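Novice: Fold the following for me, if possible:
(2 chains)
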Amino acid sequence: MNFLLKQIKKIKPQFEQGGRFGKLRSVFEGFETFIFVPEKVTSRGSHVRDYMDMKRTMTVVILALMPALLFGSYNIGLQHTRAFGIEGWSLMQMFWFGFLKILPLIIVSYVVGLGIEFVAAQLRGHEINEGYLVTGMLIPLIMPVDVPLWMVAVSVAFAVIIGKEIFGGTGMNILNPALTARAFLFFSYPGWMTGDNVWIEGLTRGTAVDGFSGATPLALAKLDEFDRMPSAMEMFIGTIPGSVGETSVIAILIGALILIATGVGSWRIMLSMTLGALGLGLLLNLAGSSEYSQLPAYYHLLMGGFAFGAVFMATDPVTAAQTNTGKWIYGALTGIMVVVIRVFNPAYPEGTMLAILLMNVFAPLIDHYVVNASIKRRLKRIKTT
Amino acid sequence: MSTTIRLRKGLNIKLAGKAEKILLPEAPVGRYGVRFADFPGLTAKLEVKEGAVVSAGSVLFHDKLIPEIKYVSPVSGVVKEIIRGEKRLLMEIVIEQQGNEKVDFGTADPLKLTREEVKSRMMISGLWPVMRQRPYHIVARPGAVPKAIFISAFDTAPLAPDLDFIMTNTQGGHLQTGINVLSRLTDGKIHLSFDKDGSKVAEVRNLKGIELHTFTGPHPAGNVGIQIHHIDPVSKGEVVWYTDIQDVVALGRLFNTGRYNRDRIIALAGPGVLHPKYHRTRAGASVSAILKSNLRDQNQRVISGNVLTGKKISDEGSMGFYDNMVTVVPEGDYNEFFGWALPGYDKFSYWKTFLSKLIPRKEYVLDTNMHGGHRAFVVTGHYENVLPMDLYPVHLVKAIMSGDVELMENLGIYEVAEEDLALCEYIDPSKTEFQEIIRQGIDLMIKEMN
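Specialist: Residues are numbered from 1 along each chain as shown, chains lettered A, B, ... in the order given. Okay, here's the model as predicted:
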């Protein structure tokens, strides 16, 4: 390690202002601090600081995403064999098949996204922010597997530049960047983001065996074809068509446990969003007239991107409500909006993405009222005395 | 009457090197100092030059805006040096001790004096600055009448001394006089707060003219600002004063004996100290005597005060005006290979991402490394967990950053001091300088309100 440290210190002057590669200062600094936590000591304020930093925070989220990624890989292989009537693939074969399909998505997402982050950090003279490490993993997991790579690249560029950097970078953005990327594709290239074929690898190019449909449970529900929907257990395990990482509720719950146990993700948002969706679902069960509204309320938690959105998207601390009371309100409203869009909206089968983006916009307003309540308590003290 | 207030929010940092309850006598110290940074917001006007001969209680400088407030020499001797920093900013007055001359301010019974007489006695003798005020956490402005006066009789900061142990070893007879002095300054109550152990000292238990409170919970429950917030919070236009229990003794001593005498007992603690113990010393004394052959190795940081809010000093530097401890921790000037990714068995943290949460130890060595780079705010909902006050620390800090005075006012700038948000700074993965920003906000408020 000492050798490596010496080498880094030796070439460092070239990357400092005025050095030969001075323009790559932020990039160098990014790699240097990735390998070695810097020797910087406290100069004012508290003399000791917690060992926790942004790198570790983001690493925890990436770790929590791993079960969804691993199951997603397997599921791509599984759906492929089902669609084309392939028999005799082992579990590992299915996993590797899927993994090799996801890998290009991940690489494109990171290369394009981090590239833009590096440039932005350099232009501002900031250190490189770790936020994209999570976003870059989220984006492939909420894409259909067959989406063309150039579209991923374009949507990543849009999300990072328009969704984040123009607001000032990580910590300043209003909309969740990963969902911004998905929404961009959803509205720009709907043919690649909806329908029955994009969810299964190869189905956009080949023909499936007779009787196979690549339709997601949500699409079937929208068409009132409830009898063709997979069982609740299948949806819970995740052996159904859908975006790469969203299908398995079990895998996502493992991630949720990691986030909650470490305190990195907000259990308040996860719980309140679940309760919101469940609450409206139950209300519809009681009072709704359409067939869709009679669907058992808990199905909403299993279908589509609800679980993934509640655990990984709505909880993004930058774009969610920031006060604890606000988180309850924000989560519950998001859950309610998901069901409203799914059941009452004629156009879009899935509501999670749009519900979260909508509530991202309202989160600062919710916080505003919560903080104002604290202010009012403070002002009331003056009046009573 | 006694009330119990239970606080749950906060954090006790399990720092190694707690001071053993053994009190060592005062070691001879040649060098004393008065540091200007101990008094934020002060514009000082010097009354001595280098080489001047002073007694204990001789005026060194006064407040330019309120000239009645004097700052005096802690010992008799010669003004050896007046240290200035950039732009000739006053840093410290160094006094070399010689002889044992003391200014005699005369004795008096505070209960027989008027409020103005008590005040002027405190100001002439240089003991006025032991009174501080909220809002702003500055030396109390004598023009106001505080609605109450607060004293915290326990300290919850990392490795903080047991104030009751200190009181056990403090010369009796002055504490009640000190309380009587305070009672002349306010028409309201004098609040004294204990932790759940209360006090074993009869003189403390039998004090008259005070309102007793008990606080339970982790740091910062011992901070007087937190106690004020829960007992009688400061709203716009109100002022409360507070002081340290050892300084109540000093006030009593002034009126009983007529002398300026801030002898105090401090704890020397921290992982960098070989023999952490209690020491008799006095405010302003150089720490060189107590640190002599007592440091683990050379690469240590000596802090006057606790590890969260204290000031970095050299190993010959002087004790701060208000501090009741000296902490020594190792410097953290090293590079850690993939430090952010290590499991962290031996790393104390607020965060549950380290294995130290699963296999906890009794105490940990913490160093001065930043452990990460500065970032924008990302995580939410955790800062509130270490601040037992009804306010939103991040919103307040953002209001200060944007210079929005009205919003700062609404979000509680009058109630906080740097020390109350020190834990927010400690736990922050974005490494925001909370304390620095809070002081900037307070400075801005002082400017705007004048």
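Novice: What parts of the stretch 251-385 of chain A come near chain B?
Specialist: When proximity is defined as CB under 8 Å from any CB of the partner chain, the stretch 251-385 of chain A approaches chain B at A:261-264, A:266, A:268, A:317-318, A:320, A:322-324, A:327, A:371, A:374-375, A:377-379, A:381-382, A:385. Where you see a C-beta, it was placed from the backbone N, CA and C, and this is true even at glycine.
Novice: end-to-end on stretch B:145-163?
Specialist: 28 Å (CA to CA, to the nearest Å).
Novice: swap that for stretch B:28-48, please
Specialist: 25 Å.
Novice: Take the residues of the stretch 251-385 of chain A next to chain B and keep only those in helices.
Specialist: A:261-262, A:268, A:324, A:327, A:371, A:374-375, A:377-379, A:381-382 (DSSP state H).
Novice: Can you add pLDDT and give those residues back as CSV?
Specialist: Output for those, formatted as CSV (pLDDT from 0 to 100):
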residue, pLDDT
A:Ala261, 94
A:Thr262, 93
A:Arg268, 95
A:Asn324, 93
A:Lys327, 96
A:Val371, 93
A:Ser374, 87
A:Ile375, 89
A:Arg377, 86
A:Arg378, 84
A:Leu379, 84
A:Arg381, 78
A:Ile382, 71
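Novice: who wins for neighbours among the residues you listed?
Specialist: A:Lys327 (29 neighbours; other CB atoms under 10 Å in any protein chain shown).
Novice: Surely it and A:Met270 touch.
Specialist: No: using CB atoms under 8 Å, A:Lys327 makes no contact with A:Met270, being 9.7 Å away.
Novice: any low-confidence regions in chain A?
Specialist: A:1, A:383-385 (pLDDT under 70).
Novice: Strands along that one, start to end?
Specialist: A:36-37 (DSSP state E).
Novice: which of the residues in stretch A:214-231 are buried?
Specialist: Residues of stretch A:214-231 classed as buried: A:214-222, A:229-230 (neighbour count, 16 or more other CB atoms under 10 Å in any protein chain shown).
Novice: Count the residues that sit near residue 198.
Specialist: This is for chain A. 21.
Novice: My question was about chain B, not that one.
Specialist: 15.
Novice: I'd guess it is in a helix, am I close?
Specialist: No: when classified by DSSP: H, G, I helix; E, B strand; the rest coil, B:Gly198 is found to be coil rather than part of a helix.
Novice: I'd like the buried residues of stretch A:214-231 as CSV, with distance to B:Arg121 appended.
Specialist: Formatted as CSV, those follow (distance: CB to CB, whole Å):
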residue, distance to B:Arg121
A:Gly214, 89
A:Ala215, 88
A:Thr216, 83
A:Pro217, 83
A:Leu218, 80
A:Ala219, 85
A:Leu220, 87
A:Ala221, 83
A:Lys222, 84
A:Met229, 86
A:Pro230, 86
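Novice: In a markdown table, list the residues you listed along with distance to chain B.
Specialist: A markdown table is the format used below for the buried residues of stretch A:214-231 (distance: CB to the nearest CB, whole Å):
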| residue | distance to chain B |
| --- | --- |
| A:Gly214 | 38 |
| A:Ala215 | 38 |
| A:Thr216 | 33 |
| A:Pro217 | 33 |
| A:Leu218 | 31 |
| A:Ala219 | 35 |
| A:Leu220 | 38 |
| A:Ala221 | 34 |
| A:Lys222 | 35 |
| A:Met229 | 37 |
| A:Pro230 | 36 |
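Novice: in the stretch 201-350 of chain B, what residue is nearest chain A?
Specialist: Across the stretch 201-350 of chain B, the shortest distance to chain A (CB to the nearest CB) belongs to B:Gly339, at 3.5 Å.
Novice: residues contacting the residue nearest to that residue when sequence neighbours are not counted?
Specialist: Nearest residue to B:Gly339, sequence neighbours excluded (CB to CB, 6 or more residues apart in numbering or on different chains): A:Val37, at 3.5 Å. By CB atoms under 8 Å, 6 or more residues apart in numbering or on different chains, the contact set of A:Val37 is A:53, B:335-336, B:338-340, B:369, B:371-372.
Novice: returning to what we had before: so which of the ones in helices among the residues of the stretch 251-385 of chain A next to chain B comes closest to B:Ile290?
Specialist: Using CB to CB, A:Thr262 comes nearest to B:Ile290 of those, at 41.3 Å.
Novice: Test my guess that that closest one contacts A:Val60.
Specialist: Yes: between A:Thr262 and A:Val60 there is a contact at 5.1 Å, judged by CB under 8 Å.
Novice: Please identify every residue contacting each of those two.
Specialist: In contact with both A:Thr262 and A:Val60: B:Thr353, using CB under 8 Å, 6+ apart.
Novice: number of nearby residues for residue 25?
Specialist: Unless you meant another one, I'm taking chain A. 18.
Novice: That was the other one, I meant chain B.
Specialist: 7.
Novice: domains for chain B, by residue range?
Specialist: Here the domain parsing of chain B from automatic domain parsing is B:2-257, B:263-335, B:370-449.
Novice: And those: which comes nearest A:Asn285?
Specialist: So among the domains of chain B, domain B:370-449 is nearest, using CB to CB, at 32.9 Å.
Novice: ok, is that closest one in contact with chain A or not?
Specialist: Yes: against chain A, domain B:370-449 shows contacts by CB under 8 Å from any CB at B:370-382, B:384, B:390-392, B:394-395, B:410-412, B:418, B:422, B:425-431, B:433-436.
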